[in-house]
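A.B. asks: mind folding the following:
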Amino acid sequence: MLEYCDLHIMVPHLTTSLTGPLLDLEKKILGAMPEIERWFRNQWLENTLPFYTSVDLRNSGFKLAPVDTNLFPGGFNNLNPDFLPLCVHAAMSAVQKICPDKQRILLIPENHTRNLFYLTNVAAIQKILVSAGMEVRVGSLLPEITAPTTLDLPNGEKLVLEPIIRNGNRLTLTGFDPCAILLNNDLSAGVPALLRGLEQQVVPPLYAGWTTRRKTLHFHAYDRVAEDFAKIIGIDPWFINPIFSQCGKVNFSAQEGEECLAANVEAVLNEMRIKYQEYGIKEKPFVIVKADAGTYGMGVLTARSADDVRGLNRKERNKMAVVKEGLEVSEVIIQEGVYTFENVNGNVAEPVIYMMDQFVVGGFYRVNTDRGIDENLNSRGMSFVPLAFETDCHTPDCAGAPDAPPNRFYTYGVVARLAMLAAAKELEKLSEMIDVDAIVLPPEARAAAD
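C.D. replies: I've put the predicted structure just below:
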């Protein structure tokens, strides 16, 4: 994907051929490019950005919108390796904010020692940071990792996991005292005692994990960002913003909250029908129901009417009842479904954009041969296609066709950055809403403070 903070930073030019309807939105974004970039620069000064972010986008031709924003991205191995320099440049900026005078980072991944493809992502993050001048070692939360353990990865590389040692309020490894802790673990299983009360900075912050984070809070923040941005380019914010609602009274195992869910599904569909009629859209509206906390595409279903969420069978209820790390689902977000008219080699696809600090560093297509244009693609049958770039394009071609690859992907980068900005505002709001000390400090420290 495309990124620059001024016109002198190299912008990759996508060579992957695309098909799909021409977005009028792209014309408006290209026409307002200087104003958009000035607006973003002001936003970066006013907000504390996540260390890294990935954003799932859907392009229906008439609408381009983020549908999920991940603060612990796990697919750096799927980025185009030719553009490691972009990642390194961004990593230097991100690291400077947390370790301006030191050079050691402790990277803590998910507890997925059997998922070697995920661990290839961890190795990719380590490589980016090392290339940015950092000394980076990987510490595991797994109790069975009691000594340095070398894992062979599918791409031929190796990754060493080491046991974490806690010395007072610092995490260390043998012979290694880091200046900061970088999490690539979304804390779905809760915040381990080992991570509480540290004097080292932890990024993303512990309250950014799914223990406390909710997708609905993110999209409330995105509502405001989309409205502000829409004024700049003169569009209805709906074209970049999915309608959503929430039901916080569900228990799929006990078949409770069905009417709450059905009512919210119908409400979102009705709002969509009004918009579809307003803009002459002939497609049939649908919604995506998904757990308000959690990742990995778990706890997701498609509904085209309220009846689709009434009387779910046992298999459907079991699918929705529990997500990653056995986290029970009691809250769901009902989100406007956005068709995807992107495809790769004839297969349904959606772009996923990766960012570090304020910079877009790349992306890939999530492709799924088993799913349709109105379904969740983050599921069994998916694969990833890195984006192929040329190196001779420094800016979008504002005079060219809006759907030319560099322009299409500049637009994608803009919308992804809007979602990243919303994540920054979301975390600030979350820190005001919750008792941060209850998340960050160990029980004994909280008791002493009280």
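A.B. asks: where does the stretch 1-150 of the chain dip in pLDDT?
C.D. replies: Within the stretch 1-150 of the chain, the ranges that satisfy pLDDT under 70 run 1-23.
A.B. asks: which residues of it fall in helices?
C.D. replies: 24-31, 33-46, 84-98, 116-131 (DSSP state H, counting those that start in this stretch).
A.B. asks: want to throw those helices into CSV with mean neighbour count?
C.D. replies: To be clear about C-beta, it is placed using only N, CA and C from the backbone, and glycine gets the same treatment. Formatted as CSV, those follow (neighbours: other Cβ atoms under 10 Å):
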stretch, mean neighbour count
helix 24-31, 19
helix 33-46, 14
helix 84-98, 19
helix 116-131, 20
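A.B. asks: including distance to residue 137, could these go into CSV?
C.D. replies: As requested, the helices of the stretch 1-150 of the chain are arranged in CSV below (distance: least, Cβ to Cβ, whole Å):
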stretch, distance to residue 137
helix 24-31, 41
helix 33-46, 30
helix 84-98, 15
helix 116-131, 8
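A.B. asks: of all the ones you listed, which one is nearest residue 73?
C.D. replies: helix 116-131 (8.0 Å; Cβ to Cβ).
A.B. asks: distance from that closest one to the middle of the chain?
C.D. replies: Chain-centre distance of helix 116-131: 17 Å, with Cα atoms, centre = their mean, to the nearest Å.
A.B. asks: cool, and stretch 106-122?
C.D. replies: With Cα atoms, centre = their mean, you get 17 Å for stretch 106-122.
A.B. asks: what are the contacting residues of that stretch?
C.D. replies: Contacts with stretch 106-122, where a contact means Cβ atoms under 8 Å, 6 or more residues apart in numbering, come from 74-78, 125-126, 129, 136-142, 145, 151-155, 157, 159, 161, 164, 171-173, 176, 178, 180-186, 195, 200.
A.B. asks: how about 6 Å then?
C.D. replies: 74-77, 136, 138-139, 141-142, 153-155, 159, 171, 178, 181-185 (Cβ atoms under 6 Å, 6 or more residues apart in numbering).
A.B. asks: on that earlier part again, for the helices of the stretch 1-150 of the chain, which one sits closest to residue 346?
C.D. replies: Taking the helices of the stretch 1-150 of the chain one by one with Cβ to Cβ, helix 24-31 is closest: 23.3 Å.
A.B. asks: quick one: the closest one to chain centroid distance?
C.D. replies: The answer for helix 24-31 is 24 Å, by Cα atoms, centre = their mean.
A.B. asks: who are the packing partners of that helix?
C.D. replies: If you count contacts as 3 or more Cβ pairs under 6 Å, 6 or more residues apart in numbering; DSSP states H and E, helix 24-31 packs onto helix 405-433.
A.B. asks: let me know the angle separating the helix it packs on from helix 24-31.
C.D. replies: 90 degrees (axes from the mean of the first three to the mean of the last three Cα atoms, to 10 degrees).
A.B. asks: buried residues in helix 405-433?
C.D. replies: 405-427, 430 (16 or more other Cβ atoms under 10 Å).
A.B. asks: again, but for stretch 255-267
C.D. replies: By neighbour count on 16+ other Cβ under 10 Å, the buried set for stretch 255-267 is 257-258, 260-262, 264-266.
A.B. asks: now the residues you listed in a markdown table, with distance to residue 317?
C.D. replies: Shown next, in a markdown table, are those (distance: Cβ to Cβ, whole Å):
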| residue | distance to residue 317 |
| --- | --- |
| 257 | 11 |
| 258 | 10 |
| 260 | 15 |
| 261 | 12 |
| 262 | 14 |
| 264 | 17 |
| 265 | 16 |
| 266 | 20 |
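A.B. asks: redo those residues as CSV? Include secondary structure and pLDDT.
C.D. replies: Formatted as CSV, these follow (DSSP: H, G, I helix; E, B strand; the rest coil; pLDDT from 0 to 100):
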residue, secondary structure, pLDDT
257, coil, 82
258, helix, 86
260, helix, 91
261, helix, 91
262, helix, 91
264, helix, 93
265, helix, 95
266, helix, 96
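A.B. asks: which single one of those is nearest to residue 220?
C.D. replies: Distances from residue 220 to the buried residues of stretch 255-267, taken by Cβ to Cβ, are shortest for residue 264, at 15.1 Å.
A.B. asks: how far away is the closest one from residue 274?
C.D. replies: 16 Å (Cβ to Cβ, to the nearest Å).
A.B. asks: residue 221 now?
C.D. replies: Residue 221 is 24 Å from residue 274, by Cβ to Cβ.
A.B. asks: returning to what we had before: quick one: which two of the buried residues of stretch 255-267 are the most distant?
C.D. replies: Maximum distance among the buried residues of stretch 255-267 (Cβ to Cβ): 14.6 Å, for 257 and 266.
A.B. asks: mind checking the backbone torsions on residue 152?
C.D. replies: phi -90, psi 130 (degrees, to the nearest 10).
A.B. asks: start at 43, not 1
C.D. replies: Understood, numbering begins at 43; the last thing we discussed is residue 194.
A.B. asks: can you pull the contacts of residue 281?
C.D. replies: Contacts of residue 281 by Cβ under 6 Å, 6+ apart are 67, 105.
A.B. asks: isn't residue 458 right next to residue 96, touching?
C.D. replies: No: if you go by Cβ atoms under 6 Å, residue 458 and residue 96 don't touch, sitting 8.4 Å apart.
A.B. asks: list residues touching both of the two?
C.D. replies: By Cβ under 6 Å, 6+ apart, no residue touches both residue 458 and residue 96.
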